[in-house]
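A.B. asks: Following is a predicted model, sequence given first.
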Amino acid sequence: MSELERHSYDVVVIGAGGAGLRAAVEAREAGLRVAIICKSLFGKAHTVMAEGGAAASMGNANEKDNWMVHFRDTMRGGKFLSHYRMAELHAKEAPDRIWELEMWGALFDRTKAGKISQRNFGGHEYPRLAHVGDRTGLELIRTMQQKIVALQQKDGRDTGDMESGIKVFAELTITDILKENGRVSGAYGYWRESGEEVAFQAPAVVIATGGVGKTFKVTSNSWEGTGDGHALALKAGANLVDMEFLQFHPTGMVWPPSVRGILVTESVRGEGGVLTNSDGKRFMFNYIPEVFKDKYADNEAEADRWYEDQDNNRRPPELLPRDEVARAINSEVKAGRGGEHGGIYLDVSKRLSAEVIKKKLPSMWHQFFELAGVDITKEAMEVGPTCHYIMGGVEVDPDTAAAVGVPGLFAAGEVAGGMHGSNRLGGNSLSDLLVFGRRAGIGAVEYVKNNPANPVSDSAIAAAASKIQAPFNREGGENSYALHAELQEITQDLVGIIRTGSELKEAITKIAQIRQRSANVAVAGGRKFNPGFHLAFDLDNMLLVAESTAKSAIAREESRGGHTRDDFPVMSDKWRQVNHISSFDGSQISVRTQVLPNMPKELFDLFDIHELEKYMTSEEVSKGGSK
Amino acid sequence: MTRNVKLRIWRGDSTDGGLQDVQVEANTGEVVLDVIHRVQATQMGDLAVRWNCKAGKCGSCSMEINGKPRLACMTQVASFGDEEVITVTPLRAFPVIKDLVTDVSFNYKKAMEIPAYEHPQNLGPGEARMEQIDVERSQEFRNCIECFLCQDVCHVVRDHEENKKSFAGPRFFIRIAELDMHPLDTLKNRKRTAQEEHGLGMCNITKCCTEICPQHIRITDNGIIPMKERVVDTKYDPVRWLGSKIRKREGIV
């Protein structure tokens, strides 16, 4: 066998989406040597799929907006389960992160005054999303990709080698975080192209691997969303927090079957699109929950007036947070008022002209026209819920993004937990990537200052290498594609948008059975760009994530945000006080409760006390926040 | 509705390869990428193909379908006749790695050669003011999903490996055009370096790139031609040429 490829860096960033690239920029600008590892080609990460925009209270569209309003919206969107400190940092720092992108060359849509335009989105009190048509994620990732190139060009001028300070390792999968003496020492993986193995030595590793959507059958996520970072962190000894909270985006495509799940941006509703059932009724008026009654219009006339006059009218209920809309759609379809293909209708053609639709929602027009043969400037789209985002993730320190329990490990973006509580607001993901990507970069820089290289041992390498070789040594074992399909059926049917205790119990048993069988996956063909081999590792990650989600879901006996229990349909103030922490002992996931930190008084006081009474126990309310 | 599709897939690597015939089921509304995935899951577990979003937004599943460079996720199976054989081959302009996957590193190298955006030094965070109409010209080019189909179809490099060294290709001409038309970018001479260092002059405007672009970016009309015209204006205008010599001014701004 040829000699093992080895690299040594100060920081290894796993994942080249928004959070990973932002962390890499920060670490490089502080003078560290950085490796960026991506599972696909550079610039293809799932961030590219984000459509609507990045939420930041710049106040360009409504000057009443500020970080406090954004903070309140985020906390209530997450049903007060968010880590208050993350929500606070996010709301405070998001505007700077957007302006910074502009200084790196991003071209956002503009207001008449020439500032960055901001659009309405579910759960945001004011128009707040910086956007570029409906391809904001593409703008974000391209800007950061080009910023990385700018840094490489600077290094090239300084050292003669453009890749001396920051190098992108594209199409490389990491299979293990390496540790020595209780601290991170590096990472191990293989080139997807050749199948050859690679060892990275680095005192700090930033996980920014995104989500878990591919665990489900109907999802808006690309193939990369296989929970790699969640699983890597678990195996390295970190915790996951609140893995029961998954966001089912209310509007995914439903027809034809091959496009089922592909995202239909919330901007369609932000720009005035309405939801109707097969009777032609705007049903969302029937689904405004008690906690939001004062903020959402209960009749069509007021909802329609809001588009022109936001000061004197309440918002249309189509713009409720995503969990509410997804549940409403689910109920309508269950009640037999669904459309031809089991979805409901979303129509923007009646409010906007064809020209405006094509300008504001160009990729939606394109997507429906080319994939479904539907012209959205003339007719309604048929849509239904699709697994979109996981609120749960690696338990981190809010300020530094350091993973709890593993020195040298950091996590940011979708893979990190805490920020969004039980439900994420649209637009808060792109801003989350930027805010906490940067903070993870700073966290890694500070850590590396005090913790020099931690050499990787031969035994750690041998253990990681034997795992990669294992599926090739088996003959006639299980097929990874078939197991993946089985897992997707189980999660979709038993751990989906509406859950019950008995089904979750069944899911836990079945997931364990698949995990047993997956230990016997065999791979046909060689190591060179072999998708069957790649999937064997992704599958292992998805199984751990699914187990964590199912076990957290069965423990939480209430309905809140992205977790709905048919057998416990009510939100409970007692359950609001706890997070679920998943950990892994090498053979299975265990879940325990942990008390959620209390908001300090200055944040507590930002809310109307009557609103807090809807979520908190009377004891908590009378305490008035921690001192 | 399900039907049988005849697929002819190129399989092999840099040393050897050829077309293999397979039959596979296709359901209503499916795209070529769907049937390739079905072949992968049921008949050829190690069939190499790149893909990510399956929604025409990431530009990963570029390949040649019946000889035409296309995104497999945006090509409907129904667009081919019932008896028609669908032949899928890797991008011709780039070296094959395995099956439908090619080595596109050429593009990333070229990307590193284009000087980055330079923000005005006196303009701090949030201070930029731009008109929508002014950002739209560059926004068109920023719609690029880097599928590299334009690079693949461009005859300057498609069958001329020797031109790759001095030719950045359509994707990077619109990158330069985007920066050149960016209302705030302060780096001068972008058009001149496009001509002198990135091979803009080698393009003879056959517009194949524009025709192939899945994002419908008017690469030639809005990007390449305006740059070529301005380069010609200044390079061959005797008054401007003289002006640039006498007053030490940049000939092209």
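C.D. replies: Arrived safely, thanks for sending.

A.B. asks: Can you tell me the closest non-neighbouring residue to the residue in the stretch 151-300 of chain A that chain B sits nearest to?
C.D. replies: Proximity to chain B, evaluated over the stretch 151-300 of chain A using C-beta to the nearest C-beta, is greatest for residue A:256 at 2.2 Å. C-beta coordinates here come from the backbone N, C-alpha and C atoms, glycine included. Among residues not flanking residue A:256 along the chain, residue B:29 sits closest, at 2.2 Å (C-beta to C-beta, 6 or more residues apart in numbering or on different chains).

A.B. asks: For the one you found, give me its contacts.
C.D. replies: If a contact means C-beta atoms under 8 Å, 6 or more residues apart in numbering or on different chains, then residue B:29 has A:255-259, A:371-372, B:76, B:78 as its contacts.

A.B. asks: And what about residue A:475, helix, strand or coil?
C.D. replies: Residue A:475 carries the three-state label coil when classified by DSSP: H, G, I helix; E, B strand; the rest coil.

A.B. asks: Skipping adjacent residues, who's closest to it in space?
C.D. replies: Of all residues apart from its sequence neighbours, residue A:522 sits closest to residue A:475 (C-beta to C-beta, 6+ apart), at 6.0 Å.

A.B. asks: ditto for residue A:233
C.D. replies: The spatial neighbour of residue A:233 that comes closest, neighbours along the chain excluded (C-beta to C-beta, 6+ apart), is residue A:394 at 4.6 Å.

A.B. asks: Please name the residues that touch the one you found.
C.D. replies: The contact partners of residue A:394, by C-beta under 8 Å, 6+ apart, come to A:207, A:229-230, A:233, A:238-241, A:403, A:411, A:415-417.

A.B. asks: can you put the residues you listed in TSV and add secondary structure, pLDDT and neighbour count?
C.D. replies: Compiled in TSV, the contacts of residue A:394 are given as follows (DSSP: H, G, I helix; E, B strand; the rest coil; pLDDT from 0 to 100; neighbours: other C-beta atoms under 10 Å in any protein chain shown):
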residue	secondary structure	pLDDT	neighbour count
A:207	strand	98	35
A:229	helix	98	32
A:230	helix	98	33
A:233	helix	98	31
A:238	coil	98	25
A:239	coil	98	24
A:240	strand	98	32
A:241	strand	98	23
A:403	strand	98	30
A:411	strand	98	35
A:415	helix	98	31
A:416	strand	98	33
A:417	coil	98	29
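
A.B. asks: Phi and psi next, for residue 171.
C.D. replies: Just going to use chain A. Listed backbone geometry of residue A:171 is phi 60, psi 50, with angles given as degrees, to the nearest 10.

A.B. asks: Can you get me a residue count around it?
C.D. replies: Applying other C-beta atoms under 10 Å in any protein chain shown, we find 21 residues neighbouring residue A:171.

A.B. asks: Could I get the pLDDT score of it?
C.D. replies: pLDDT, residue A:171: 97.

A.B. asks: ok, now how distant is it from residue A:44?
C.D. replies: Per C-beta to C-beta, to the nearest Å, residue A:171 is found 10 Å from residue A:44.

A.B. asks: Equivalent analysis for residue A:491, please.
C.D. replies: For residue A:491, the distance to residue A:44 under the criterion C-beta to C-beta works out to 25 Å.

A.B. asks: Which of those two has more residues huddled nearby?
C.D. replies: When neighbours are counted by other C-beta under 10 Å, residue A:491 and residue A:44 differ, and residue A:44 comes out ahead with 30 against 26.

A.B. asks: what helix or strand does that one sit in?
C.D. replies: Assigned by DSSP states H and E, residue A:44 belongs to no helix or strand.

A.B. asks: what sits against it?
C.D. replies: With C-beta under 8 Å, 6+ apart as the criterion, the residues that contact residue A:44 are A:38, B:52-53, B:58-60, B:146.

A.B. asks: Out of the contacts of residue B:29, give me the one that has the most neighbours.
C.D. replies: Going through those with other C-beta under 10 Å as the criterion, the one with the most neighbours is residue A:258, at 24 neighbours.

A.B. asks: That one contacts residue B:35, doesn't it?
C.D. replies: No. When contacts are counted by C-beta atoms under 8 Å, residue A:258 is not listed as touching residue B:35 (9.4 Å).

A.B. asks: Next up, the contacts around residue B:146.
C.D. replies: Going by C-beta under 8 Å, 6+ apart, residue B:146 touches A:43-44, B:59, B:107, B:171.

A.B. asks: Which two among those are spaced furthest apart?
C.D. replies: In terms of C-beta to C-beta, the contacts of residue B:146 reach their longest pairwise distance at A:44 and B:171, which sit 14.5 Å apart.

A.B. asks: Mind splitting the chain into its structural domains?
C.D. replies: Assuming you mean chain A. Described in terms of automatic domain parsing, the domain architecture of chain A consists of the residue ranges A:5-245+A:391-458, A:250-386, A:469-577.

A.B. asks: ah, I was thinking of chain B
C.D. replies: With automatic domain parsing as the reference, chain B has domains B:2-102, B:105-246.

A.B. asks: Nearest approach to residue A:159 belongs to which of these?
C.D. replies: Nearest of those to residue A:159, taken as C-beta to C-beta: domain B:105-246 at 14.2 Å.

A.B. asks: and the residue most central in space within chain A, what pLDDT?
C.D. replies: With the centre of chain A defined as its mean C-alpha position, the nearest residue by C-alpha atoms, centre = their mean is residue A:414, 3.4 Å away. Each residue has a pLDDT score; the one for residue A:414 is 98.

A.B. asks: what does residue B:79 give?
C.D. replies: 93.

A.B. asks: distance of it from residue A:373?
C.D. replies: As defined by C-beta to C-beta, residue B:79 lies at a distance of 11 Å from residue A:373.

A.B. asks: What ranges does chain B have for its helices?
C.D. replies: Along chain B, the segments classed as helices by DSSP state H run B:32-42, B:105-113, B:132-142, B:149-153, B:155-158, B:170-180, B:190-196, B:208-212, B:225-236, B:238-246.

A.B. asks: Dump those to CSV, plus distance to chain A and mean neighbour count.
C.D. replies: Formatted as CSV, the entries for the helices of chain B read as follows, by distance: least, C-beta to the nearest C-beta, whole Å; neighbours: other C-beta atoms under 10 Å in any protein chain shown:
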stretch, distance to chain A, mean neighbour count
helix B:32-42, 4, 21
helix B:105-113, 6, 17
helix B:132-142, 4, 18
helix B:149-153, 13, 27
helix B:155-158, 19, 18
helix B:170-180, 8, 25
helix B:190-196, 13, 21
helix B:208-212, 15, 20
helix B:225-236, 18, 16
helix B:238-246, 26, 11
